[in-house]
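**Student:** Here you go, sequence then predicted model.
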Amino acid sequence: MSVILQIETATTVCSVALAKDGNVLAVKEMNERNVHAEKITLFIQDVLQQAKHTLADIAAVAVSKGPGSYTGLRIGVSAAKGLCFALDKPLIAINTLDAMAAGALVFNDQFSADAILCPMIDARRMEVYTALYDSDALPVKPTSAKIIDENSFADVRDHQLVIFGDGALKCKDVLINHNVLWLSDFENSATQLTAIALQKYQNGAFEDIAYFEPYYLKEFITTAR
């Protein structure tokens, strides 16, 4: 039996889920800016209570490692590491864009068989964190920070481009020369970590809890007031 606690805080969504053997038992989430620190512990308690489990039942903790919001990632990873230290349980880290691509598969009746999945996480101005995946959510191009213009993704213009995530909206008026499907109903969720978390658990792909850090991709930049 593998009961995995899953934490997603890479964007404005604060989400916690509990899954057993690849099936989601409970989820609690809120899409609201700057609530992660306030809500994360309560959400963990809520999903355990909903699923009638305790912390002692957890086999591992999975966390969305980034890229994404610097503050959100710090909070999520800190919570995950704290639980792993206290419970002596392994830590599973999952690339946020990988989890998003896996989550987008629930919309696969809307996109073509040769579609290219393009999750986007909002960065600064016209920049996004993104990667490309095939229609089975297998990686095509690695994670990068990309400034979006009309020439972006020109090398996959022959494919339907499925774009989703909180960085997608600001690209709508730019990528007008592409065959694009916009998944406007998509939101990040800890449930999207489920399949990858189970696979990593079964393969023993765990992190060194003491030294693990979020995947920021870029340096944190403070803005002068």
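**Tutor:** Good, I have the coordinates. Numbering: from 1, shown residues only.
**Student:** Val140 contacts Pro119, doesn't it?
**Tutor:** No - taking contacts as Cβ atoms under 8 Å, Val140 lies outside contact range of Pro119: 12.0 Å. Every residue, glycine included, has its C-beta placed from N, CA and C.
**Student:** So between the two, which is more surrounded?
**Tutor:** Set side by side, Val140 and Pro119 show more neighbours around Pro119, with 32 against 14, by other Cβ atoms under 10 Å.
**Student:** in which helix or strand would I find the more buried one?
**Tutor:** Under the criterion of DSSP states H and E, Pro119 resides in strand 116-122.
**Student:** The spatially most central residue of the chain and Gly204, how far apart?
**Tutor:** Central residue of the chain (Cα atoms, centre = their mean): Thr96, 3.1 Å from the mean position. Counting by Cβ to Cβ, to the nearest Å, the separation of Thr96 from Gly204 is 22 Å.
**Student:** Phe186 now?
**Tutor:** 31 Å.
**Student:** Kindly report the same for Glu213.
**Tutor:** Counting by Cβ to Cβ, the gap from Glu213 to Gly204 is 21 Å.
**Student:** who's more crowded, these two?
**Tutor:** Remark: of Glu213 and Gly204, Glu213 carries more neighbours, 13 against 8, as counted by other Cβ under 10 Å.
**Student:** Report whether the more buried one is found in a helix, as I expect.
**Tutor:** No - applying DSSP: H, G, I helix; E, B strand; the rest coil, one finds Glu213 to be coil, outside a helix.
**Student:** List the contacts of it.
**Tutor:** When contacts are counted by Cβ atoms under 8 Å, 6 or more residues apart in numbering, Glu213 touches Val77.
**Student:** Since that was my last question, I'll sign off now.
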